[in-house]
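Undergrad: with the input below, show me the fold.
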Amino acid sequence: MTHETSAPASGAAQTPTCQLLARQAADYRGWWWVAPPRDPWLESGQGVAISADLAVRAAWQAAGRPAHSPFQPLPLDPQPAGDEEAPKGAVLFWPKSHALGEWWLLWLCATLPEGTPLQLVGENQGGIKRVLKVLAALGLGCRKLDSARRCSLFETRLGPVGIDPDAAWTAFEVEPDGERLLLASHPGVFGHGKLDDGTRLLLETLRGALPAGDVLDMGCGDGILAAWLARRGAAVTAVDVNAFAVEATRRTLAANALAGEALSGEALSGETLESDVYSALAGRTFDTIVSNPPFHQERAIDYGPAARLILEAPAHLKPGGQLFLVANAFLPYPDLLERAFGGFEILADDRRFRVYRAISPGRDSRSR
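TA: Purely as a prediction, here's the structure:
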């Protein structure tokens, strides 16, 4: 029999995985919530969020809750505050990408003490049942705790597995202009291990309209656009809401001996920040913005980030600055471009993808 846990205590669970967790008898106080979804049941309770998604961390921190990136120093030593210490356990929300789930599992085994309780939860259609084979291959025992809401919950204990999570980082070569670029790749980054067809079309189009000056690569992914532009002399700033993407871009620029600034939301070393669209770029303007923006959040379609990218672009472009955007042809971006810029042009259309260009008016016309 299950019953409501004492923590998190306020806010009804909304996502199926959290609804399943909310009916467990476990006391989750002092636990880590790893790769969690946005859910008021989590954000109003206790524990610590570990997420590569800046938007998730920002929501927790806005509620006064601790939240960390896996690329930050983590609170593993005893601290005065009860939440900020080595966790009593961890819950891993299994992602859509099976390879990313495996990385999180390896990272937890390498990060937390042996014997730490770990629960793994996910939607059945998202592949959560495959964790049984993954755990068995790593020599970790497992038992099923519960299932409901088309989700399943499993339990194990962490232990040494002899695999460095850094092994998930790979590299692959592309030659978009006959010039070799080496790209860093990770399962948590869009287009893992390959050059996306939309990005390829954008690169082919940019050859005839090469941006100069200060260029913002919005949603930098594995760093292909940032590296390609930096090689051609642009001063590139690359941003992404995803810490995996920011780290991939940093590695890509380094692998190709290119200068660039990879921005990710909180200052970690003075060089790397994350940004939820323009959140880390207050007051900054650019000659050009280039982007292949996402429109999915896990399996759900989400136009929100792309809409913010387009609608707020004029405020981050210098007078006469340009926005270059590639997107699936069916996406409703023309109305947003018309609304933000008063007009746009289609530079390329291969029936699957379109490359749009919009030009920012002068400051006088924007301030009216």
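
Undergrad: the helix or strand hosting Ala227: what's the following helix or strand?
TA: Assigned by DSSP states H and E, Ala227 belongs to helix 224-231. For helix 224-231, the following helix or strand on the C-terminal side (DSSP H and E) is strand 235-239.

Undergrad: and the helix or strand following that next one, what does it pack onto?
TA: Counting by DSSP H and E, the next helix or strand C-terminal to strand 235-239 is helix 243-255. The contact analysis (3 or more CB pairs under 8 Å, 6 or more residues apart in numbering; DSSP states H and E) places helix 243-255 against strand 181-185, helix 224-231, strand 235-239, strand 261-263. From N, CA and C alone the C-beta is placed, and that goes for glycine too.

Undergrad: what comes up buried for helix 243-255?
TA: Neighbour-count burial for helix 243-255, counted by 16 or more other CB atoms under 10 Å, picks out Ala243, Phe244, Ala245, Val246, Glu247, Ala248, Thr249, Arg250, Arg251, Thr252, Leu253.

Undergrad: tell me the secondary structure for Glu338?
TA: At Glu338, secondary structure determined by DSSP: H, G, I helix; E, B strand; the rest coil is helix.

Undergrad: contact partners for the spatially closest residue to it that is not a sequence neighbour?
TA: Closest residue to Glu338 apart from its sequence neighbours, by CB to CB, 6 or more residues apart in numbering: Phe344 at 6.7 Å. Neighbour list for Phe344: Pro334, Leu337, Glu338, Tyr356, Arg357, Ala358 [criterion: CB atoms under 8 Å, 6 or more residues apart in numbering].

Undergrad: check which helix or strand covers the last one.
TA: Per DSSP H and E: Ala358 is located in strand 353-359.

Undergrad: now do that strand: everything it contacts.
TA: Here strand 353-359 makes contact (CB under 8 Å, 6+ apart) with 197-198, 201-202, 205, 209, 310, 313, 320-329, 333-334, 337, 340-341, 343-349.

Undergrad: strand partners of it, parallel vs antiparallel please.
TA: Partners of strand 353-359 in the sheet, by DSSP bridges, are strand 317-328 (antiparallel), strand 345-349 (antiparallel).

Undergrad: burial count for Asp335?
TA: As a burial measure, Asp335 scores 10 neighbours (other CB atoms under 10 Å).

Undergrad: just the buried residues of the host helix or strand of it, please?
TA: Assigned by DSSP H and E, Asp335 falls within helix 333-341. Buried positions in helix 333-341, judged by neighbour count with 16+ other CB under 10 Å: Tyr333, Leu336, Leu337, Ala340, Phe341.

Undergrad: and stretch 70-79, by the same measure?
TA: Pro70, Phe71, Leu74, Pro75.

Undergrad: tell me who's in contact with the first one.
TA: Residues in contact with Pro70, defined by CB under 8 Å, 6+ apart, are Ile50, Ala52, Trp107, Ala243.

Undergrad: farthest pair in these?
TA: Longest distance between any two of the contacts of Pro70 is 12.2 Å, between Trp107 and Ala243; criterion CB to CB.

Undergrad: mind showing which ranges of the stretch 51-200 of the chain have poor pLDDT?
TA: 77-85 (pLDDT under 70).

Undergrad: the strands in it, which residues?
TA: Using DSSP state E, counting those that start in this stretch, the strands found in the stretch 51-200 of the chain span residues 67-68, 89-93, 117-123, 143-148, 151-157, 170-174, 181-185.
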